[in-house]
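*Asks:* what's the 3D shape of this:
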Amino acid sequence: MSADTLAPMFAALADETRWSILQALGEGDASASALAGRLPVSRQAIAKHLAVLQEVGLVEPVRAGRELRFRVIGAELSATAQRLDAIGRGWDRRLAAIKEIAEEL
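*Replies:* Presented below is the predicted three-dimensional model:
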């Protein structure tokens with residue numbers, strides 16, 4: 001996962017409605033209509049937000065009979081979390097080294 005793939009993902013996650021959609025889908029697959037019933041957003045707006053989330057690889061459509069439901073792609077979220085964790089560990093190491101140098105002075 002490169003910075004090129006992270007930037008669009010973070011842009012997608014920066015929207016509060018899309019974040020709410022991901023949280024709702026974390027509880028289980030749902031259609032755009034079902035999500036619109038849970039969130040203060042129209043079904044058309046939900047569909048547009050789902051398209052953005054699908055484009056960055058965070059959700060995928062799943063056909064359930066005549067209904068199109070969406071599910072979170074957990075592997076993508078986990079990979080992103082691992083990448084952020086690695087960045088955080090790198091900063092922790094740098095800060096510890098700076099602290100050590102400062103204490104020696």
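
*Asks:* which residues of the protein fall in strands?
*Replies:* Assigned by DSSP state E, the chain shows strands spanning 30-31, 59-64, 67-72.

*Asks:* for Gly90, find the nearest of the ones you listed.
*Replies:* Minimum separation from Gly90 across the strands of the chain (CB to CB) falls at strand 67-72, 27.4 Å. Where C-beta positions appear, they are placed from N, C-alpha and C, glycine not excepted.

*Asks:* how about the helices in the chain?
*Replies:* In the chain, the helices defined using DSSP state H lie at 3-13, 16-26, 32-38, 43-55, 74-104.

*Asks:* CA atoms of the second one as PDB?
*Replies:* So the one you mean is helix 16-26. C-alpha atoms of helix 16-26 as PDB (Å, rounded to 0.1, in the frame of the first residue of the first chain):
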ATOM      1  CA  GLU A  16     -18.500  12.300   8.300                       C
ATOM      2  CA  THR A  17     -21.300  10.600   6.400                       C
ATOM      3  CA  ARG A  18     -19.000   8.000   4.800                       C
ATOM      4  CA  TRP A  19     -17.500   7.400   8.200                       C
ATOM      5  CA  SER A  20     -21.000   6.800   9.600                       C
ATOM      6  CA  ILE A  21     -21.800   4.400   6.700                       C
ATOM      7  CA  LEU A  22     -18.600   2.400   7.400                       C
ATOM      8  CA  GLN A  23     -19.600   2.200  11.100                       C
ATOM      9  CA  ALA A  24     -23.100   1.000  10.200                       C
ATOM     10  CA  LEU A  25     -21.700  -1.600   7.700                       C
ATOM     11  CA  GLY A  26     -19.400  -2.800  10.500                       C
END
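
*Asks:* need the helix or strand of this protein with the lowest average pLDDT.
*Replies:* When the helices and strands of the chain are scored by mean pLDDT, DSSP states H and E, helix 3-13 comes last with a mean of 81.

*Asks:* and that helix, which residues are buried?
*Replies:* Neighbour counts over helix 3-13 (16 or more other CB atoms under 10 Å) mark 6, 9, 12-13 as buried.
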